[in-house]
Structures are given as C-alpha cells and as structure tokens.
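A.B. asks: Pasting the sequence and the predicted coordinates here, then a few questions.
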Amino acid sequence: MAKLSMSAKVFLGFGVGVVLGLIFQDKILFLQPVGDLFLKLIQMIVMPLIFCSIISGIASIGDVAKLKRIGTKVMGFYVVTTILSTIIGLAVSHLLQPGRGFGVGSIVESAENVKAAEPLSVGAAILGMVPSNPLEALAKGDLMQTIVFAVFVGVALTILGDKASNFKKVIDEGSQVMFKITDIVMKTTPYGVCALAACSIGEYGLAVFGIMGKFILTHYVAALSIVIFLYLFIIRGIARIPLADFFRKVSEIWWVAFSTTSSSGTLPVTLKVVEQKFHVRHELASFTLPLGATINMNGIAAYYAVTVLFVSQIYGVDLTLYQQAAFIFMTTLISIGTPGIPNSGIVLTVMLLGTMGLPAAIMGMIVGIFRPIDMVHTALNVTGDVVSTLAVARLEDMYEDGTDTQLEEPYGEEQRV
C-alpha cells in the first residue's frame, strides 16, 4: 500500500466501498461517521485555503496589466463554457426526450422537504456577492463573498508592491501552512472515499436506475457530450496537451469528486494535481482554481438544462426558443452563484422550475436519486476548472520553466511546486 500512488489508493478505496455497499447494503451505514469526518476535515480547510491562495496568487502576478489580462481570459473561459454546457444539456434532452411517456400519474412522491428559493434579480445576485462584513463571510463559509474580498485584497497588494511586502509575506506563509495542513488531511482521502462510496451504495443500491433510469442516463450522456464536444477541443486545440496524458493525470481528481460531490471539497486535490502533475505555476493555479470551484459550474448548468426540459416534457409543456434562450441566461447567472457544496443545486432547481412556470412535484423523486447525478456533474465541474486553467496557462505561458505536461511529475507526494 505504501508504494501505491495517491490516485491508486483513492481508486482502490472507491472500489472497496462500492463492493462493501453491495454486499452489506444498509448495514454498512455504520461507516457514515467516517465519511462525515472526512467531509468535516475538508470543510475545515476550504475557507482559509481559498482565502490565502487567491490573495497569494493574485499578488504573485505582480503586474496589474497582466492581472487584468489573465482575469479577463479566465472569466471568459468560465462564462463561455457554462453557456455552452447549458446548450449541450438542452440539445441532449431534446434528442433523448427523457420525460416523454413518463406520465404524471407516475409521480408518487411530492417535494415537501424542498423549499423554493426567492427568485434572484441580476441586481440582487450582484449585491449578494459583495460582503458587508468580510469576517462574517469567512465565518459563515460564504465562498462567493470571501472570494470577492480576497480578490480586492490581492489587487491592492499588487498595486502597493513593496509597500505591503510584509503583509504579502504573511499571506504567502499562511498559504504554505494551509497547503501542509491540506497535505495531512489528504492522506485520509482513500478511507473517506471508501466510507462515502459504501454508504451511498448501501443506502440507494441499484434501485435508483429503475423508473428514473432514462433521466439519469440523459445526465450522463450530456456530461459525456460536454467532454467530447467542448473539453477535448480546449485540451487539444488551446492547451495542446495529449489526451491520454490529460485523462491519466486528472483521474485522481475524479474519485474525490465522485465521493464528496463538492467542487470546493475537491479543491485541495485539484490544486495539487494542476501544480504538481501539469506543472502550472502556483500564482495562476491558486487564482483560477478556487475561483472556478465557486463560479465555474459546467456540470450543474447541464443538470439544470436536463431537469427543466425533463419536467416540461412530463407535463407536455413546449418551451419556445425565446424561453430557452432566457433559460440559458438565467442558468448562467444561477450556476455562477451556485456554491460548490453537495446538493446545492436542489433548491435552486425548484426556483428555476417556478421561474419557468413548471410544477415542482417531481423534485421529490429527483432528490431521492440526486446522488449519482451529482457525482458525475461534480466531476464535470472540477474538470472544467482544470481545462480552463490549462488553456490560460498555455496562452499566458505560465507553465513551470523547463517542464513539459507530458512528463511525470518530478515531485514527491508531499512536496509542492
């Protein structure tokens, strides 16, 4: 076991968890505290890690003009890929028609435990991103408000330069401390992944692939289509990385994403893989990846598209092209504001359905099978963060000097770039 790489250990833990869940079924739920502890440890490090790494990453760029250029490209990739992911989700749903023939009478459960969120206007969404009290935002775990404040601090340090060198040093050292804590926590990943996988399979088994099977299949086809028609183009055409090399290195991130169903929870592993295996410079990765874990939700955008069309097909509601165009705009805004935590898309789905004039009664069944859907879309979210970061790194020539993304990482498991 000691000689296995972390990705191999995580894969092994995931496989063992699935087998244990199938064998012992709901009796395996006694392992739930182990999985919950793993998630708690990740939650413990996410906020300070994001705060320190974004400030350090922006300040390390050192040039306001360069910061503007990089920031524009990063946001451009994130917004465009979110829009295209929504369009692909709509196209796949039109093609597979998951709601046709479902029958309203088949809906036997209600969504009593799902409460609709208040509709957000564009102005309210923007105001909600700005913290009135940055310390409160940190304490509450509000990722978007924390990121906005961290960006302001990072930009201020960049402008001040040597005048704020002492403060920058404190932030840099804080980042190093957080990365060491992260490294310690990540050693527990195989055990946490095993427990989470076992409990998930033990509780739901394979029964979820019954009546909702076509709905789940549509989500998986949409996710695969985004990888084929969007990500592969960026990887080969812009980032210029061999596909086999990319998928071999990114697979370590997927197992954690499958288990945690949290983009933010996967962030420590994503940072390590992008810096150590793809050799992207720390100042870029520590800026783009925490930002992407909060606002770049390609997977959840596809989920919204498939789910809304699924419900519209169940009730025989034909959405016009104008309605679908408006839906794409709303989905982009909502996806940017969706926190990268498990199950965050459920309540916002109810809000979207209400906005589109569609009933939300089906959400009772969707909640029951949300876990296998959320797994694949979380993996899609974090893959999109990596793909966009690699593309910007290529455009800005921000790979480590003397390294090549095709080479094996020259660093040990515990050593950072």
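C.D. replies: Sure, I can see it.

A.B. asks: Burial check on Trp254, number of neighbours?
C.D. replies: Trp254 is flanked by 23 other residues according to other Cβ atoms under 10 Å. Just so you know, the C-beta spots here come from the backbone N, C-alpha and C atoms, and that holds for glycine as well.

A.B. asks: ok, it touching Asn381?
C.D. replies: No: Trp254 is not in contact with Asn381 according to Cβ atoms under 8 Å; the separation is 11.1 Å.

A.B. asks: I'd assumed Thr72 was in contact with Glu396.
C.D. replies: No: the criterion here is Cβ under 8 Å, and Glu396 misses it with Thr72 at 11.1 Å.

A.B. asks: who's more crowded, these two?
C.D. replies: Comparing Glu396 with Thr72 by other Cβ under 10 Å, the one with more neighbours is Glu396, at 16 against 11.

A.B. asks: any idea how far Lys140 is from the closest residue to the more buried one other than its chain neighbours?
C.D. replies: Counting by Cβ to Cβ, 6 or more residues apart in numbering, Ile70 is the residue found nearest to Glu396 once chain neighbours are left out, at 5.9 Å. Separation of Ile70 from Lys140 (Cβ to Cβ, to the nearest Å) stands at 29 Å.

A.B. asks: who's more crowded, the two?
C.D. replies: Ile70 (23 against 13).

A.B. asks: list the contacts for that one?
C.D. replies: Ile61, Leu284, Phe287, Val392, Glu396 (Cβ atoms under 8 Å, 6 or more residues apart in numbering).

A.B. asks: among the helices and strands of the protein, which has the poorest mean pLDDT?
C.D. replies: The least trusted helix or strand in the chain, going by mean pLDDT, DSSP states H and E, turns out to be helix 363-368, with a mean of 63.

A.B. asks: for the stretch 201-350 of the chain, what spans make up the helices?
C.D. replies: Taking DSSP state H, counting those that start in this stretch, the helices of the stretch 201-350 of the chain run over residues 213-226, 232-233, 243-260, 263-272, 282-295, 298-314, 321-337, 344-355.

A.B. asks: Contact partners for the spatially most central residue of the chain?
C.D. replies: For the chain, the residue nearest the mean C-alpha position is Ser263 (3.2 Å; Cα atoms, centre = their mean). The neighbours of Ser263, taking Cβ under 8 Å, 6+ apart as the test, are Ala257, Gly292, Ala293, Thr294, Met297, Gly340, Ile341, Thr378, Asn381, Val382, Asp385.

A.B. asks: Gly57 is in contact with Ile147, correct?
C.D. replies: No: Ile147 is not in contact with Gly57 according to Cβ under 8 Å; the separation is 11.5 Å.

A.B. asks: what's the pLDDT at the closest residue to Lys27 other than its chain neighbours?
C.D. replies: In this structure, Lys27 finds its nearest non-sequential neighbour in Gly202, 7.2 Å apart by Cβ to Cβ, 6+ apart. pLDDT recorded at Gly202 is 78.

A.B. asks: Roughly how far does Gly202 sit from Gly21?
C.D. replies: For Gly202, the distance to Gly21 - Cβ to Cβ - is 4 Å.

A.B. asks: list residues touching both of these two?
C.D. replies: Ile28.

A.B. asks: which parts of the helix or strand hosting Phe24 are buried?
C.D. replies: Element membership for Phe24 (DSSP states H and E) is helix 6-24. Neighbour-count burial for helix 6-24 flags 6-7, 9-14, 16-18, 20-21 (criterion: 16 or more other Cβ atoms under 10 Å).
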